[in-house]
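Undergrad: Show me how the following folds:
(4 chains)
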There are 4 protein chains.
Amino acid sequence: MSDAPPSGGPVSKEFIADLAAASRVLADEGVVDAAGHVSQRHPDVPDRYFMSRAMAPALVTPDDIIEFTLDSDPCDASAPAGSLERFIHGEIYKARPDVNSVVHSHSPSVIPFGLVETKMQAMFHMAAFLTRGVPVFDIREKFGTTDILVSDPSKGVAFAACLGDKDVALMRAHGSTACGATLQSAVFHAVYTEVNARVQHWTQALSGGGPMALLDQEEGRLADALNQGARLRAWELWRQRVREETGW
Amino acid sequence: MSDAPPSGGPVSKEFIADLAAASRVLADEGVVDAAGHVSQRHPDVPDRYFMSRAMAPALVTPDDIIEFTLDSDPCDASAPAGSLERFIHGEIYKARPDVNSVVHSHSPSVIPFGLVETKMQAMFHMAAFLTRGVPVFDIREKFGTTDILVSDPSKGVAFAACLGDKDVALMRAHGSTACGATLQSAVFHAVYTEVNARVQHWTQALSGGGPMALLDQEEGRLADALNQGARLRAWELWRQRVREETGW
Amino acid sequence: MSDAPPSGGPVSKEFIADLAAASRVLADEGVVDAAGHVSQRHPDVPDRYFMSRAMAPALVTPDDIIEFTLDSDPCDASAPAGSLERFIHGEIYKARPDVNSVVHSHSPSVIPFGLVETKMQAMFHMAAFLTRGVPVFDIREKFGTTDILVSDPSKGVAFAACLGDKDVALMRAHGSTACGATLQSAVFHAVYTEVNARVQHWTQALSGGGPMALLDQEEGRLADALNQGARLRAWELWRQRVREETGW
Amino acid sequence: MSDAPPSGGPVSKEFIADLAAASRVLADEGVVDAAGHVSQRHPDVPDRYFMSRAMAPALVTPDDIIEFTLDSDPCDASAPAGSLERFIHGEIYKARPDVNSVVHSHSPSVIPFGLVETKMQAMFHMAAFLTRGVPVFDIREKFGTTDILVSDPSKGVAFAACLGDKDVALMRAHGSTACGATLQSAVFHAVYTEVNARVQHWTQALSGGGPMALLDQEEGRLADALNQGARLRAWELWRQRVREETGW
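TA: As a prediction, the model looks like this:
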């Protein structure tokens, strides 16, 4: 009876709870406010992903999670409306088989780096993933004057192309998007992009245009390999706080 | 027996609770501190509006809401004192039939833009409403040396004239005032004026006087049209927090 | 039996509770951290004042309040140790019959203005009291190399002389001290000195050395006269929060 | 049966609880986030120290504390994994008999001072310990391209040599490490290094390259001698908050 595409099949309760919790973690850490969203690829079926309905991330519960195809169509004809920008997620999953989780946010400290010529750079080892480069997506280049949102597949494709093989890309006059091989990695990348932005604002001001002894690319590669442990410890902390608050 | 002007008639309990909640939302979001106020036009009678008595916004309850005429006289002779600056609200309602809610605040991040030559500009799509322009009201121009407050009808008229058809105007050495077609819009405009101010401080510093790839006017117009959904989702979050805290 | 000077006589339970609450208000508002103190002159006997024993201000309860002479000797031989810097308070009360409450703090945002040539100035009407001038006390001028603390009567006298008839004075490499005719005024002055400092940091950066349309002296005088109401509304908010937290 | 080195013998329950509490204090005060660690030397046996297993500092409980030799080997063969960077602690304890506690952190406000030519300097008396100098450790100088972490004894030795007889050293593109004669001192040094960093960011910006009337070395020496009391009052406050939260 329904014309909706089929589900990829059931996933564990814990998988869904972790995704809903990630939404609240990002709110707790100041990465998202009343907008922003996080998604996770289906663990068994690579052409499906999960994301909450369009709502404030701090309020997301497991019941708000919807399954989507990579064209960002819901797998349930009666699902509530998803985010207008869900194509960011779907198109990254298509372009990047290595990515299993995506975070989109408008963190105030990060936005300036999408507006000026100064590049975002890695200030310390926790943000070592940034040494791989942080592209800036200017939607005007391909689409001219728009409402800024990545709200259809073609814009999602263009954004995914700009992201390339990186972990984070900025979006001019909009925000940024981080991704990772796991939910924990994507959240870690989103949080430390925000922390690094704050550190860089202070560092640039203090340097007065003088030299900055930043992480270089090879240091970044080595440090990032070690951050696997940091990611898990950070997630343990953040997940625990949501559990205490919500009971799930 | 009373010389007070007549009430516009009863409004719903929810209408009053939402207005009281907006006052606490603005405190929670750092837009107001111990001062500042939010009002809402009578839903049925355009020449009446509601606002709390003079008190700290974080403490407002539904019982503190007073009805006023657009001359900012209370419709109840025994009402406690209203804000000295209620004329900001009344005179905007007179001048702007499209406006149904007004927020006045002294947000620290916003004040600098009323003191220097740098204009407040829209840094991202959530603040797209700012692309329509942000006038600065300098009370000295018309009234010479004053106590800064918009504390009589003539000052309210002058401020409303400065605001013109915009959503926000800054007030030199004082604060700012945001308005909107709904309570949710006015609160959203006040909150994202504050967020945008923080983003702009960082962006200006980072640009070092170089170019900034801001939202242009047409992008702003298109993005703002889409922010209706964002306003409602933000309100859902903010209103929920007040409900959990107060029970109403 | 005791050699301690006599008490000025009993004061109300509410007077002591308000003073203890002011200590927690200053911690809640970020004016004091683990150090700092607030005092209040005896309401009936002008040559006595009350202040907590040496302790973190956020922990002060009514039981921690001690009565002192204006020489800053405790009126109870068995009183626990008072602050090393209580002479700031005693000597201001001697020099300023109009002052009935004093706050000393090390607020991070304020300290920079005691270290550089840029003067603290009033950025908005809530800080109008600053238009009267903000002296900077450099303890080196009179006492050479010291441990920075105002820890004896002669240093207290020198600081009070620097303060003159103002509401606030900064202390180089140390902090600042605010005073007022009432407890509510002194706390208001301390809080808005901190808020104004943050606003001034942003304004100076944004101005890039260009003009700033600050409050002038006469605007400041007029605005400050109106702030009496703002002081009481702010106190009502801050005091209420302590009452909810402590029960007193 | 076990090849683990012998324990230095039992320590009091309070000693362990204070160490676990210090971990949470550092999280509460914004010095550590999901990473960072604090240790304390065995009170009776100088060649043993205690530190939590590798975990987020805000979650540490007394049960998570492990005893290590100064070679940073656990004294229990079945102990969970310690921090990769525990050699920072062990090698400082070897090099500095006067040090009984060490804090390692990545405080965002401090990191910039490890990246630029501007030195961290003492802005006020609470940070007087910084007048003794704040060395910057650049791991590249001795070890070339690395993953940045002080993750083996030779790197720990090099870092301890850079620290010399100081209370704090910065680590380029990494963070900082503070130490002290007591747990309270080390925590105090870590917290006020962070506060001082924020004050210095503001002061440098405000000075515009002009003079800054900082604490000089002799003022710093005298002021630091007096901070013993401040350390204990700060600890009383911070420890109390953890006790209220955890019950231990």
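
Undergrad: So A:L170 is in contact with A:V116, correct?
TA: No: with contacts counted by C-beta atoms under 8 Å, A:L170 stays clear of A:V116, the gap being 10.7 Å. Using the backbone N, CA and C atoms, a C-beta is placed for each residue, glycine as well.

Undergrad: Which of those two has more residues huddled nearby?
TA: Taking other C-beta atoms under 10 Å in any protein chain shown, A:L170 and A:V116 do not tie; A:L170 has more neighbours (25 against 19).

Undergrad: Could you identify the helix or strand that succeeds the helix or strand hosting the more buried one?
TA: When elements are assigned from DSSP states H and E, A:L170 belongs to strand A:168-171. Of the helices and strands lying after strand A:168-171 in sequence (DSSP H and E), the nearest is strand A:175-180.

Undergrad: Strand partners (parallel or antiparallel) of that next one?
TA: On the basis of DSSP bridges, the sheet neighbours of strand A:175-180 come out as strand A:101-105 (antiparallel), strand A:168-171 (antiparallel).

Undergrad: what's the most buried one of these?
TA: When neighbours are counted by mean count of other C-beta atoms under 10 Å in any protein chain shown, the highest per-stretch mean among those falls to strand A:101-105, a mean of 29.

Undergrad: Need the residues that contact that one.
TA: Strand A:101-105 is contacted from outside by A:22, A:26, A:31-32, A:36-41, A:85, A:88-89, A:92-93, A:175-183, A:185-187, A:189-190, A:194, using C-beta atoms under 8 Å, 6 or more residues apart in numbering or on different chains.

Undergrad: now for the very next helix or strand once past it, which elements pack on it?
TA: The element immediately downstream of strand A:101-105 (helix or strand, assigned by DSSP H and E) is strand A:136-137. With contacts defined as 3 or more C-beta pairs under 8 Å, 6 or more residues apart in numbering or on different chains; DSSP states H and E, the secondary structure elements packing on strand A:136-137 are helix A:153-163, strand A:168-171.

Undergrad: From the contacts of strand A:101-105, list the buried ones, please.
TA: Of the members of those, the ones counted as buried by neighbours, 16 or more other C-beta atoms under 10 Å in any protein chain shown, are A:22, A:26, A:31-32, A:36-41, A:85, A:88-89, A:92-93, A:175-180, A:182-183, A:185-187, A:189-190, A:194.

Undergrad: who touches A:A158 in this structure?
TA: When contacts are counted by C-beta under 8 Å, 6+ apart, A:A158 is found next to A:137, A:139, A:142-143.

Undergrad: Just put those residues in CSV and tack on secondary structure and neighbour count.
TA: Written out in CSV, the entries for the contacts of A:A158 read as follows (DSSP: H, G, I helix; E, B strand; the rest coil; neighbours: other C-beta atoms under 10 Å in any protein chain shown):
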residue, secondary structure, neighbour count
A:F137, strand, 23
A:I139, coil, 22
A:K142, helix, 15
A:F143, helix, 15
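
Undergrad: ok, the residues you listed vs chain D, which is closest?
TA: A:F137 (25.9 Å; C-beta to the nearest C-beta).

Undergrad: Next up, the contacts around the closest one.
TA: A:F137 makes contact with A:158-159, A:162-163, A:169-172, according to C-beta under 8 Å, 6+ apart.

Undergrad: Counting neighbours, what do you get for A:P211?
TA: For A:P211, using other C-beta under 10 Å, the count is 9.

Undergrad: Okay, it and A:V199: tell me how far apart.
TA: Here the distance between A:P211 and A:V199 works out to 16 Å (C-beta to C-beta, to the nearest Å).

Undergrad: what's the answer for A:R96, then?
TA: In this structure, A:R96 and A:V199 are separated by 27 Å, where distance is defined by C-beta to C-beta.

Undergrad: now the strands paired with strand A:175-180 as CSV including mean pLDDT and distance to C:A234?
TA: Shown next, in CSV, are these (pLDDT from 0 to 100; distance: least, C-beta to C-beta, whole Å):
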stretch, mean pLDDT, distance to C:A234
strand A:101-105, 98, 34
strand A:168-171, 98, 40
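
Undergrad: Among those strands, single out whichever gets nearest to B:A17.
TA: Within these, the stretch nearest B:A17 is strand A:101-105; the backing value is 31.2 Å (C-beta to C-beta).

Undergrad: Restrict the closest one to CA atoms and write it as PDB.
TA: Once side chains and other backbone atoms are set aside, the C-alpha atoms of strand A:101-105 remain, and they are given as PDB (Å, rounded to 0.1, in the frame of the first residue of the first chain):
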ATOM      1  CA  SER A 101      28.100   9.200  10.500                       C
ATOM      2  CA  VAL A 102      27.600  12.800   9.600                       C
ATOM      3  CA  VAL A 103      27.100  16.000  11.800                       C
ATOM      4  CA  HIS A 104      25.800  19.300  10.400                       C
ATOM      5  CA  SER A 105      25.900  22.400  12.700                       C
END
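
Undergrad: Now do the same for A:M1: its pLDDT.
TA: The per-residue pLDDT reported for A:M1 equals 46.

Undergrad: circling back to that earlier point, B:V242: which of the contacts of A:F137 is nearest?
TA: The nearest member of the contacts of A:F137 to B:V242, counting by C-beta to C-beta, is A:M171 at 31.5 Å.

Undergrad: Give me the distance from stretch A:31-51 to the chain's centre.
TA: Computed by C-alpha atoms, centre = their mean, to the nearest Å, the chain-centroid distance of stretch A:31-51 equals 9 Å.

Undergrad: Just the terminal-to-terminal distance for it.
TA: Start to finish, the residues bounding stretch A:31-51 are 17 Å apart (C-alpha to C-alpha, to the nearest Å).

Undergrad: Tell me the bridge partners for the residue nearest to the spatial centre of chain A.
TA: Closest to where the C-alpha atoms of chain A average out (C-alpha atoms, centre = their mean) is A:V103, at 1.7 Å. A:V103 has these beta-bridge partners by DSSP bridges: A:V38, A:A178.

Undergrad: ok, it to chain D distance?
TA: A:V103 sits 16 Å away from chain D, going by C-beta to the nearest C-beta, to the nearest Å.

Undergrad: next one: A:A127
TA: Using C-beta to the nearest C-beta, we find A:A127 at a distance of 9 Å from chain D.

Undergrad: now the closest residue to that residue other than its chain neighbours: how far from A:A128?
TA: By the measure of C-beta to C-beta, 6 or more residues apart in numbering or on different chains, the closest residue to A:A127 outside its immediate chain neighbours is A:N196, 3.8 Å from it. The spacing between A:N196 and A:A128, counted by C-beta to C-beta, is 10 Å.

Undergrad: what do you get for A:P5?
TA: For A:P5, the distance to A:A128 under the criterion C-beta to C-beta works out to 39 Å.

Undergrad: Is stretch A:16-29 in proximity to chain B?
TA: No: interface with chain B: stretch A:16-29 contributes nothing (C-beta under 8 Å from any C-beta of the partner chain), its closest point being 8.8 Å away.

Undergrad: Any idea how far that stretch is from the middle of the chain?
TA: Computed by C-alpha atoms, centre = their mean, the chain-centroid distance of stretch A:16-29 equals 12 Å.

Undergrad: same question for that stretch, mean pLDDT?
TA: 98.

Undergrad: List the contacts of it.
TA: The contact list for stretch A:16-29 (C-beta under 8 Å, 6+ apart) reads A:32-33, A:36-40, A:50-52, A:56-58, A:60-62, A:64-65, A:101, A:103, A:105, A:183, A:186-187, A:190-191, A:194, A:238-239, A:241-243, A:245-246, A:248.

Undergrad: tell me which residues in it are buried?
TA: With the criterion 16+ other C-beta under 10 Å, stretch A:16-29 contains buried residues A:16-29.
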